[in-house]
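J.: build me a model:
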Amino acid sequence: MEDDVPSETQSQEEDESQDDLWDEEDDDRAEFDQSVQSYILQCRRKRRRILSIAATMMVVPSNKVVQHMGRHGYTSQNVMAICDFDMRYTFVVAGWPGSVHDMRVFKDAIDKFGDKFPHPPEGKYYLIDSGYPNRPGYLAPYKGIKYHLPEFRQGVMPRGKKELFNYSHSSLRNVIERSFGVLKMKWRILLDLPSYPMQKQSHIIIACMAMHNFIRDSFLRDVDFDLVDHDENYVPFAEGSSSDGNVSNVHHGDEDVNMNEFRDWIADGLFSRS
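T.: Just a heads-up that it's a prediction; the model follows:
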């Protein structure tokens, strides 16, 4: 009994059918991008309480090992995100190799998205980590000074105005670390993404963030969110921001003198009340 061998005509029809399928998938991807970004934008409009901007690493397999090799020693994507006090993402950029400095991702996001980038309103500030410079609208901690909460809790509590400022800053900015922690705890695929094309991996990351926001908006009981809501010190999958390894690349000349004076003013006020 002979195996059925498709004829040339059948093969051609199958190729055309496959091309149509890929065209449909391209259309689906375009609709997906538009719908997800629209949803993220709606989330941003609902709450204007700006809190924190940070970057994290999502583990991804890649054949471009050098470009995607991050400071942790594995291939990854650099994902920059902004969240509010409710642990809801209001802006996200995914797809950059893990070796890229966070400031490059940040600058590209501002250039690429233009007026769509959620710049902080006048008199409001994003809390950023030490991988970013202290500039108008973006309040950074003192560099070279103890900062992370575990450092204080496992050792001596803050001494001096700069440590006290960093402790207060870290306590507030901790929400972005908790948001990333819940995201990775709930969507375990983000801990080790399959070998999909980079664009598809980025779609998965952004889709998980959109579902994260949807669950938060639903006000339904959720085990993962409940864990962090009942303990503000609990950070699942705590690994620190990806910017921590980039501090040496931030120069004092990049910072704004007036913002440094403003930070000193806050630090003086906190210290005088302690």
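J.: burial of the nearest residue to residue 137 once chain neighbours are set aside, as a residue count?
T.: Excluding the flanking residues, the one nearest residue 137 by C-beta to C-beta, 6 or more residues apart in numbering is residue 120, at 4.2 Å. For glycine as for every other residue, the C-beta is placed from the backbone atoms N, C-alpha and C. Close neighbours of residue 120, defined as other C-beta atoms under 10 Å, add up to 16.
J.: the strands in this protein, which residues?
T.: 50-59, 76-84, 89-97, 126-127, 138-139 (DSSP state E).
J.: pretty sure the residue nearest to residue 137 is touching residue 126, no?
T.: Yes: Residue 120 is in contact with residue 126 according to C-beta atoms under 8 Å; the separation is 5.5 Å.
J.: still on that earlier bit, pick out the shakiest of the strands of the chain, pLDDT-wise.
T.: With a mean of 58, strand 50-59 has the lowest mean pLDDT of those.
J.: let me see the ranges of the helices in the stretch 51-200 of the chain.
T.: 65-68, 102-113, 149-153, 160-186, 198-218 (DSSP state H, counting those that start in this stretch).
J.: for residue 87, which of those helices is the nearest?
T.: Closest to residue 87 of the helices of the stretch 51-200 of the chain, according to C-beta to C-beta: helix 160-186, at 4.4 Å.
J.: which of the helices of the stretch 51-200 of the chain is buried the deepest?
T.: helix 160-186 (a mean of 21; mean count of other C-beta atoms under 10 Å).
J.: for that one, packing partners?
T.: When contacts are defined as 3 or more C-beta pairs under 8 Å, 6 or more residues apart in numbering; DSSP states H and E, helix 160-186 packs onto strand 50-59, strand 76-84, strand 126-127, helix 149-153, helix 198-218, helix 223-229, helix 257-273.
J.: what does the average pLDDT come to for it?
T.: 92.
J.: any regions of the stretch 1-150 of the chain where pLDDT drops low?
T.: Along the stretch 1-150 of the chain, segments meeting pLDDT under 70 span 1-75.
J.: just checking, residue 89 touches residue 81?
T.: Yes: the pair residue 89 / residue 81 is scored as a contact, 5.4 Å apart, by C-beta under 8 Å.
J.: intersection of neighbour lists for the two?
T.: Residues touching both residue 89 and residue 81 (C-beta atoms under 8 Å, 6 or more residues apart in numbering): 179, 209.
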